[in-house]
Every structure is written in C-alpha cells, then in structure tokens.
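Chemist: Pasting a predicted model and its sequence here:
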Amino acid sequence: MSTVRLPLHAPQLEHREQARRFLADGERAAFHDAALWQIRGRRDQRAAELPEWEQLRELAAQIKAHTLAELPDYLEQFEANARRHGAHVHFAGDAAEHNRIVHELLSSHGVTRVVKSKSMLTEECGLNPYLERRGVEVVDTDLGELIVQLRREPPSHIVMPAIHLRVGDVERTFREALGAPALGDAQSLTEFARGHLRAKFLAAQAGITGVNFAIAETGGIVVCTNEGNADLGTSLPPLHIACMGLEKLVPRAADLGVFLRLLARSATGQAITAYSAHMHGPRPGGELHIVIVDNGRSALRGERAHHGALRCIRCGACMNTCPVFRRSGGHSYATTVPGPIGSILAPLREPQRHRSLPHACTLCGSCTAVCPVKIDLHEQLLALRQRQLEPAMASSPPSPAEPGAALVPAPGSAHRGEQLASALIGWVLRSPWRLARAGALLRWLGRTFPALSHRGPLRRWTDTRQLPPLPARSFHQRHAARQRGRS
Ligand code: SF4
C-alpha cells in the first residue's frame with residue numbers, strides 16, 4: 001500500500017515531523033485539504049439555511065455548561081431512569097476499568113464475536129486491542145472504521161476515519177485483507193464491504209456502540225450514524241454494551257432538538273444524520289449495559305481555563321476548517337481526537353507527550369467560529385502555550401491534587417531558548433539607544449548577508465517565508481532627516 005502505516009498507538013513525535021511525512025505525498029495532501037474544505041463549505045450552506053443558527057449555538061453552549069455544572073445530579077438522575085427501563089449502568093474511573101468491565105460482560109455471556117459501531121471513547125480506551133488480546137473478535141462496522149481497522153491504522157478524523165485515503169488505497173486494502181476482487185469505484189467497494197459486514201452482523205453475539213447523547217430526564221441514549229450500523233448491531237445480537245464519556249449527558253429530551261440540528265450540519269453538512277437511534281432500555285429479550293467513563297473528565301471539569309472543552313459534541317467541524325489539520329492530516333497529531341479540540345484535550349492529559357500540539361495552530365480562530373457549542377478553541381490553545389512558558393509554574397509546580405497540576409511542565413523543561421530570546425528582546429526594548437543600535441545591526445546583517453536568515457534556529461520560520469527588502473535607514477533616521485529638511 002502506498003501510504004505510511006502507523007501502529008495503532010503511534011510513538012510520539014513532534015507534530016511538525018509527523019506533518020512532514022503526510023506532506024511528502026503532495027497529491028494526497030492536496031486531496032485531503034480539498035475534501036475537508038468542501039465539507040466545511042457544505043456546513044456553511046446548511047447553517048445559512050437556519051436563521052436561528054447562532055441562537056442554536058448559544059443555546060447548545062448554555063445547555064452543556066449548565067449540565068456540566070450540575071453533572072453529579074444529572075448522572076444520578078440518568079442512572080436511576082436508565083435502570084428503571086431495565087438497563088444496567090456501570091461506572092469506570094479510567095480506560096483500564098472500562099476495558100475490564102466490557103471484557104467481563106462479554107466473557108460472562110460467552111461472547112467471542114462482537115460488532116462495534118463508531119465510538120471515539122473505545123478508541124481512547126484502546127478497547128479493540130484489549131479485547132483482541134483476550135480472544136474476542138471485534139469488527140468495526142462503520143465503513144471508514146472498518147477500512148482503517150483492516151489497515152491496522154488509527155482513525156485520522158473523528159467523523160470520517162478514512163478521509164486520508166483514496167479509492168485506490170481502499171481497493172488495495174480490501175484486496176489484501178479480505179481477498180476482494182479488483183473493484184475500481186467507490187460504489188462497488190461499498191457494496192463489497194456491505195456483504196462482508198452483513199455476515200459479521202449475523203454471526204455477532206454482542207454489539208458495542210458509543211453514545212452521542214444520554215438524557216437524564218428519561219434514561220434514554222441516542223446513537224447517530226449515517227450507515228444504520230449501530231441499529232443493526234444492537235438489533236441482531238442479544239447483548240448491547242453502550243460506552244459513553246460522562247460529558248455526553250443532556251438534561252431533557254427537549255434538548256435533543258438543539259443538538260441534533262447542530263450535529264449533522266456541523267459534521268458533514270447534512271440537515272440531519274441519516275439514523276438517530278433512540279434507545280430506552282434493552283430490546284425485548286435482550287440486555288443493555290451502559291458503561292459511563294470518567295478517564296480524566298472530572299479533572300478537566302475542575303480546570304478553570306479549559307473546562308469548556310468538555311462541551312464538545314465531537315462533530316469534527318473544527319478539524320474540517322482548520323488550515324493546519326487540513327494540510328497535516330489527522331495522524332500527525334498522534335492522538336485519538338486530533339485537530340483543534342484534540343490539541344487542547346491531549347496536552348491537558350499528557351502535557352509532555354503532546355506539548356507540540358498547542359503550537360500546531362495559526363490562531364486564525366476559524367475553529368472557534370464554527371464550533372456548534374461555542375468552545376473558545378483558539379483562545380484555549382493560546383492559553384496552553386502561555387502556560388508552557390510560565391517560568392514560575394515550571395519552577396514551583398502545584399500539588400497533584402490542585403486543578404491543572406498535570407499541565408505544569410517539569411521544572412527546567414520550558415523552552416530555554418525562547419526564555420533567553422524573550423529576556424534579550426526585553427533588555428533591548430528597555431533602552432531607545434539599544435533599540436536603535438540593534439536595528440542598525442540587523443539591517444546591516446540583512447543587507448550584507450541575506451542568506452543568514454535561512455540558517456540556524458530561525459530557519460524553520462524563514463524557509464517558508466520571504467523577508468521584505470530591508471531599508472537602509474530606520475524610521476527614526478528618516479523622520480529626523482525630514483524634520484531637518486523642514487527647519
Ligand atoms: S470542539 Fe466544537 S467543532 Fe470541534 S469537534 Fe468539538 S463540538 Fe465540534
């Protein structure tokens with residue numbers, strides 16, 4: 001296959017290094033950029049059709065903020081109502097507990113074959129490899145998820161997991177992994193995948209799904225797909241396990257109207273997701289288990305500057321619009337959730353491993369402008385950069401119990417070069433005489449050795465930019481000469 005294959009848990013590299021690998025295939029990079037930009041355009045069209053669009057965004061942000069503020073109460077309400085419908089509710093503190101609960105449920109029911117619809121939470125927890133190591137066959141039934149699963153790659157986008165691949169890549173994948181005949185077009189490939197999956201659905205003993213929304217008032221859950229795979233995966237096998245992050249709660253059924261209108265329009269530019277399955281309790285004769293996962297969400301809720309990131313409904317709009325994401329590909333982030341929201345969530349969780357991500361941003365603000373729940377994404381990214389450079393925080397980390405403790409870089413790990421450069425610039429700027437001398441030196445260097453700016457640490461910046469011609473005299477010198485001419 002022509003693409004670079006990444007292991008399911010890629011080792012951490014600087015974002016720009018990963019991006020360079022993606023950009024090495026210029027044709028792919030251009031295709032990826034254009035495909036996502038087209039979806040962003042469709043999103044704009046659908047949003048423009050609703051005069052109340054901005055009110056919906058505001059309402060969604062307020063509902064989510066309110067729910068998160070009252071989260072313990074709404075969790076209790078949801079649990080009681082879900083149990084009333086006959087569902088079993090489990091709580092998992094972290095990914096390991098989530099995986100253990102799911103595996104225990106499967107093994108206690110003698111399940112070795114599972115169909116799974118798209119769930120970023122199970123990706124976050126590494127559920128597939130965990131179950132596979134224990135002899136459970138897990139088949140991802142979302143078409144994009146199936147493709148990346150067959151390639152042993154992580155999804156590159158939270159809504160369109162295989163957006164980095166072209167038809168030829170998919171054809172080769174199906175041929176090599178499933179023995180498919182030569183199929184030259186997307187329609188034939190889809191039909192082949194449907195046939196392959198149909199057998200898996202019929203043989204499955206359990207279905208695992210994610211949850212888009214969980215309603216405290218009713219105890220119901222809503223799963224949105226465009227392929228109906230969640231509906232089939234929960235209708236055929238007798239056991240349904242629904243895995244959700246605790247931020248998926250909304251207070252009332254009436255709130256769904258706000259979120260369902262925003263979600264599909266923001267995600268893919270559709271008026272509504274093709275299938276929105278509402279489930280209240282198990283299907284007749286079946287069993288429903290809902291696993292509610294924390295895995296760092298409570299800690300994020302306590303983050304004063306960043307708790308708003310928990311409002312995310314995983315629509316992917318911030319990725320589709322982000323100029324960095326479109327040109328660097330989702331794998332370059334080496335996180336479950338990539339793009340602008342991932343560049344906030346991942347460094348909050350693992351600050352050292354993902355410290356390059358807040359810098360993978362032009363601060364253009366496009367992500368903030370499209371986010372349906374009005375998360376101030378680019379401002380949060382800027383705040384994360386600032387936190388990385390705060391020397392006081394680097395030298396005196398708060399206790400681990402303090403909100404934000406995980407964010408603080410280890411003492412001495414802040415960028416020394418940037419600190420030195422800031423100190424030097426500050427020293428120069430404090431004296432008009434020094435500023436004038438420094439300006440004269442830089443103008444002379446720039447004119448005498450123009451190639452100098454493409455050497456040393458500045459290269460990363462100057463290699464892709466052209467400096468304007470440097471003037472022979474400074475503004476002050478020209479102004480003084482003009483004044484002299486007048487007098
Ligand atoms: S941060 Fe906003 S735009 Fe990005 S995925 Fe989440 S809800 Fe969508």
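Modeler: It's in. For clarity, every value in this text was computed on a predicted model and none was experimentally measured. Residues are numbered from 1 along each chain as shown.
Chemist: Hmm, Ala472 and Gly446 touching each other?
Modeler: No: at 10.6 Å, Gly446 and Ala472 do not qualify as touching, with contact defined as CB atoms under 8 Å. C-beta here means a position set from N, CA and C on the backbone, and glycine is covered the same way.
Chemist: Neighbour count: those two, which is higher?
Modeler: Neighbour comparison, Gly446 and Ala472: the larger count goes to Gly446, with 16 against 10 (by other CB atoms under 10 Å).
Chemist: how near is that one to Ala440?
Modeler: Between Gly446 and Ala440 the computed distance is 11 Å (CB to CB, to the nearest Å).
Chemist: Repeat that for Ile221.
Modeler: When distance is defined by CB to CB, Ile221 is 68 Å away from Ala440.
Chemist: quick one, which of the two is more surrounded?
Modeler: Here Ile221 and Ala440 are compared on neighbour count by other CB under 10 Å; more neighbours surround Ile221, at 26 against 13.
Chemist: Next up, the contacts around the closest residue to Leu239 other than its chain neighbours.
Modeler: Take Leu239 and drop its neighbours on the chain: the residue closest to it by CB to CB, 6 or more residues apart in numbering is Ala206, 4.0 Å away. Taking CB atoms under 8 Å, 6 or more residues apart in numbering as the criterion, Ala206 is in contact with Leu105, Leu106, His109, Val111, Arg113, Val114, Val115, Pro237, Pro238, Leu239, His240, Ile241.
Chemist: what's across from Ala206 in the sheet?
Modeler: Going by DSSP bridges, Ala206 is paired in beta bridges with Val114, Leu239.
Chemist: Got the confidence number for it?
Modeler: Ala206 is assigned a predicted lDDT (pLDDT) of 98.
Chemist: Distance of it relative to the ligand?
Modeler: Distance check for Ala206 against the ligand: by CB to the nearest ligand atom, to the nearest Å, it reads 29 Å.
Chemist: ok, now how distant is that residue from Ala274?
Modeler: When distances are taken as CB to CB, Ala206 and Ala274 turn out to be 24 Å apart.
Chemist: Repeat that for Phe174.
Modeler: Using CB to CB, one obtains 23 Å as the distance from Phe174 to Ala274.
Chemist: quick one, which of these two is more surrounded?
Modeler: Ranked by neighbour count (other CB under 10 Å), Phe174 and Ala274 place Phe174 first, with 22 against 12.
Chemist: Report the contact partners of that one.
Modeler: So Phe174 contacts Leu150, Ala180, Leu183, Leu189, Phe192, Ala193 (CB under 8 Å, 6+ apart).
Chemist: Turn the residues you listed into CSV, including secondary structure and neighbour count.
Modeler: Converted to CSV, the contacts of Phe174 look like this (DSSP: H, G, I helix; E, B strand; the rest coil; neighbours: other CB atoms under 10 Å):
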residue, secondary structure, neighbour count
Leu150, helix, 19
Ala180, coil, 19
Leu183, coil, 18
Leu189, helix, 19
Phe192, helix, 18
Ala193, helix, 21
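Chemist: Select, from those residues, the two members most distant in space.
Modeler: Greatest spatial distance among the contacts of Phe174 (CB to CB): Leu150 and Leu183, at 14.2 Å.
Chemist: State the helix or strand in which Val89 lies.
Modeler: Taking DSSP states H and E as the definition, one finds Val89 inside strand 88-92.
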